[in-house]
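Novice: Got a predicted structure plus its sequence, pasted below:
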Amino acid sequence: MFEGLSKRLGDVFDKLRGRGALSEADVDAALREVRTALLEADVALPVVRQFIDGVRPKAIGADVIRSVTPGQMVVKIVNDHLVEMLGGTVADLDLNAIPPVVILMVGLQGSGKTTSSAKIGYRLSQGPQGMAAEFGGTFATKRKVMMASLDTRRPAAQQQLKILGEQTGVPTLPIVPLEMPLAITKRALETARREGYDVLILDTAGRLSIDEELMKEVADISALSKPQETLLVADAMTGQDAVNVAKAFNDRLAVTGIVLTRVDGDARGGAALSMRAVTGRPVKLIGVGEKFDALEPFHPDRIASRILGMGDIVSLVERAAETIEKEDAEKLAAKVRKGQFDMDDLLSQLRQLRKMGGLSGLMGMLPGAMQAKAAMSKAKIDETQLKRQEAVILAMTPKERRNPDIIHASRKKRIAKGSGVAVQDVNKLLKQHADMLKMMKRVNKLGEKGFMRSLGGMMPPPGFPR
């Protein structure tokens with residue numbers, strides 16, 4: 001998400017950074033391009049106007065004009081306003097109420113309410129284990145959670161939540177055929193109180209568009225359940241219509257927060273920028289994948305940095321900490337120090353890279369992300385290559401993985417056939433492993449400082465971004 005917006009804004013600010021001094025005309029020209037970029041990213045027109053009106057007075061102020069680096073000052077002002085537009089600070093779920101605390105999930109059909117309900121239930125029930133610990137307040141305590149589907153209109157909707165509950169280990173309210181949404185709500189509340197649940201997640205029905213029948217039904221459910229959190233689930237790919245949806249639900253239900261789904265897709269990002277500004281309600285959580293743990297808190301400052309191409313190193317470090325087991329890392333480090341790095345170790349590193357979002361996912365969090373991705377594209381680095389390399393290693397026998405030196409012509413043909421690749425691909429992977437092993441042995445011999453000194457006089461290869 002935000003890739004198109006990042007590229008457009010990156011081009012605008014590159015021009016500003018290249019100037020020694022800025023005139024009012026320069027700033028106006030840049031802000032016109034910023035306005036166009038925001039509109040193309042599906043940001044609502046009133047939000048764009050408000051944004052430009054807030055940035056312009058500061059961008060042409062004396063502090064910018066007299067600054068040593070006026071271009072950088074303008075970028076900082078835009079960044080600060082983006083953070084403000086996105087909410088300013090991380091908004092936690094408010095679960096401070098007498099149990100069972102009710103979380104009401106609302107939104108249009110197909111926005112991802114049911115999956116998001118299961119993800120939130122999974123996070124809350126896991127407590128401070130694994131990635132949940134990174135969330136802070138809400139997810140730092142293990143809670144007893146139950147989910148209930150109130151969607152009696154969409155075929156198999158209740159069954160879907162039941163299956164997701166079984167997969168995540170989160171209990172769901174037993175299904176009673178032909179029971180109406182209000183009756184289900186009442187039964188869910190009674191069951192949650194009786195059985196001592198801390199949190200009750202109610203997954204409501206949606207429609208393909210806003211209608212009075214839908215709004216009355218969710219309003220009645222809200223009045224009966226008195227939710228502590230009413231979360232509007234919206235697809236990040238919805239575009240301009242997301243603003244109308246958010247306003248309609250907020251006017252009738254007093255939405256407390258927004259959950260954006262499919263943020264890992266190629267959405268333009270306008271929904272995230274607009275919904276907070278139009279409703280005044282914060283984006284609290286974002287769905288970044290299909291797995292149950294692919295749910296993250298929304299950090300306005302980090303998102304703003306990524307939009308402006310300044311990277312998101314904090315999230316990158318957190319993702320690494322989440323996916324890398326300390327014990328495994330220490331074992332690998334010990335093997336590397338001894339110059340032992342076999343194909344099984346390479347396989348685990350390839351899988352680790354894929355867990356962290358692949359090359360493009362990591363590149364998106366680094367400063368100068370757009371330039372890095374452009375360099376990848378120019379070098380014709382294919383993301384699917386990681387999967388092919390994994391398949392090649394899996395086609396090897398345990399003995400071959402431990403000792404790649406025994407892999408000669410006949411074995412290479414067998415491995416290539418077993419993994420569905422050409423013999424040249426097997427050769428490339430074996431060379432890659434040999435080069436890595438050679439470099440590790442060199443580091444061990446010279447020491448880290450000596451190794452870095454030996455690289456001191458080397459220039460980066462042609463085409464490598466400096």
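Specialist: Received it, and whenever you're ready, just let me know what you need. Given the structure is predicted, the values throughout are model-derived calculations rather than measurements.
Novice: mind giving me the domain split of this protein?
Specialist: For the chain, the structural domains run 3-85, 101-310, 316-455, going by automatic domain parsing.
Novice: Isn't Val263 up against Gly287?
Specialist: Yes - Val263 is within contact range of Gly287, at 6.1 Å (criterion: Cβ atoms under 8 Å). For the C-beta atoms, the positions are set from N, CA and C on the backbone; glycine is no exception.
Novice: Show me the shaky parts of the chain.
Specialist: In the predicted model of the chain, residues 1-8, 13-22, 61-72, 128-140, 239-240, 265-273, 306-340, 353-384, 440-466 satisfy pLDDT under 70.
Novice: show me where it has strands.
Specialist: Ranges of strands within the chain are 101-106, 145-149, 199-203, 229-235, 257-261, 283-287, 295-297, based on DSSP state E.
Novice: Adding distance to Leu45, write the ones you listed out as JSON lines.
Specialist: Formatted as JSON lines, the strands of the chain follow (distance: least, Cβ to Cβ, whole Å):
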{"stretch": "strand 101-106", "distance to Leu45": "25"}
{"stretch": "strand 145-149", "distance to Leu45": "37"}
{"stretch": "strand 199-203", "distance to Leu45": "33"}
{"stretch": "strand 229-235", "distance to Leu45": "19"}
{"stretch": "strand 257-261", "distance to Leu45": "20"}
{"stretch": "strand 283-287", "distance to Leu45": "20"}
{"stretch": "strand 295-297", "distance to Leu45": "29"}
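Novice: do you know which of those strands lies nearest Ser125?
Specialist: strand 145-149 (4.8 Å; Cβ to Cβ).
Novice: And the contacts of the closest one?
Specialist: Outside strand 145-149, the residues that touch it by Cβ atoms under 8 Å, 6 or more residues apart in numbering are 100, 114, 117-118, 121, 124-125, 157-158, 160-162, 164-165, 170-173, 175, 184-185, 188, 191-192, 195, 197-203.
Novice: now swap in stretch 86-102 and tell me
Specialist: 103, 136-138, 143, 146, 189, 192-193, 196-202, 225-229, 256-257, 272-273, 276, 282-285, 297-300, 303-304.
Novice: Return the set of buried residues in it.
Specialist: Buried positions in stretch 86-102, judged by neighbour count with 16 or more other Cβ atoms under 10 Å: 86-87, 90-93, 95, 100-102.
Novice: What distance do you get for Arg401 to Leu347?
Specialist: With distances taken as Cβ to Cβ, to the nearest Å, Arg401 is found 7 Å from Leu347.
Novice: Overlap in contacts, those two.
Specialist: With Cβ under 8 Å, 6+ apart as the test, Arg401 and Leu347 both reach Ile393.
Novice: residues in contact with the residue nearest to Ser209 when sequence neighbours are not counted?
Specialist: Leaving aside its chain neighbours, Ser209 sits nearest to Leu108 (7.1 Å; criterion: Cβ to Cβ, 6 or more residues apart in numbering). Contact analysis of Leu108 by Cβ under 8 Å, 6+ apart lists 206-210, 234, 245.
Novice: which one of these sits closest to Asp293?
Specialist: Closest to Asp293, out of all of these and judged by Cβ to Cβ, is Ala234, at 20.8 Å.
Novice: what pairs with the closest one across the strands?
Specialist: Ala234 has these beta-bridge partners by DSSP bridges: Leu260.
Novice: which residues sit in contact with Gly420?
Specialist: By Cβ under 8 Å, 6+ apart, the contact set of Gly420 is Ala391.
Novice: Give me the phi and psi angles of it.
Specialist: With angles defined as degrees, to the nearest 10, Gly420 sits at phi 70, psi 30.
Novice: Met436 reaches Asp345, doesn't it?
Specialist: No - if you go by Cβ under 8 Å, Met436 and Asp345 don't touch, sitting 9.3 Å apart.
Novice: which one of these two has more residues nearby?
Specialist: The residue with more neighbours, out of Met436 and Asp345, is Asp345; 19 against 15, by other Cβ atoms under 10 Å.
Novice: Now render the buried residues of stretch 86-102 as a markdown table, adding distance to Arg56.
Specialist: A markdown table is the format used below for the buried residues of stretch 86-102 (distance: Cβ to Cβ, whole Å):
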| residue | distance to Arg56 |
| --- | --- |
| Leu86 | 19 |
| Gly87 | 22 |
| Val90 | 28 |
| Ala91 | 28 |
| Asp92 | 33 |
| Leu93 | 36 |
| Leu95 | 41 |
| Pro100 | 49 |
| Val101 | 44 |
| Val102 | 44 |
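Novice: what's the neighbour count on the residue nearest to Arg351 when sequence neighbours are not counted?
Specialist: Excluding its sequence neighbours, the residue lying closest to Arg351 (Cβ to Cβ, 6+ apart) is Glu390, at 6.9 Å. By the measure other Cβ under 10 Å, the count of residues near Glu390 is 17.
Novice: any idea how far Asp28 is from Val34?
Specialist: Here the criterion is Cβ to Cβ. By it, Asp28 lies 11 Å from Val34.
Novice: Those two - which one has more neighbours?
Specialist: Applying other Cβ under 10 Å to Asp28 and Val34 shows that Val34 carries more neighbours, namely 23 against 13.
Novice: which one is that one nearest to, not counting chain neighbours?
Specialist: Of all residues not flanking Val34 in the chain, Val12 sits nearest, at 5.9 Å (Cβ to Cβ, 6+ apart).
Novice: Mind listing residues that contact stretch 43-63?
Specialist: For stretch 43-63, contacts defined as Cβ under 8 Å, 6+ apart pick out 24, 27-28, 30-31, 34-35, 38-39, 64, 73-74, 77-78, 81, 84-85, 240, 243, 270, 273-274, 277-278.
Novice: at 7 Å instead, please
Specialist: 24, 27, 31, 35, 38-39, 73-74, 77-78, 81, 85, 240, 243, 270, 273-274, 277-278 (Cβ atoms under 7 Å, 6 or more residues apart in numbering).
Novice: Any of these buried? List them.
Specialist: Using 16+ other Cβ under 10 Å, the buried ones in those are 27, 31, 35, 38, 73-74, 77-78, 81, 85, 243, 270, 273-274, 277-278.
Novice: mind listing which of the residues you listed are in helices?
Specialist: 27, 31, 35, 38, 73-74, 77-78, 81, 85, 243, 270, 273-274, 277-278 (DSSP state H).
Novice: between those, which is nearest Val421?
Specialist: Looking across these and measuring by Cβ to Cβ, the closest to Val421 is Gly270, at 41.0 Å.
Novice: what ranges do the helices span in the stretch 101-250 of the chain?
Specialist: For the stretch 101-250 of the chain, the helices defined by DSSP state H, counting those that start in this stretch occupy 113-126, 157-168, 181-194, 212-225, 241-253.
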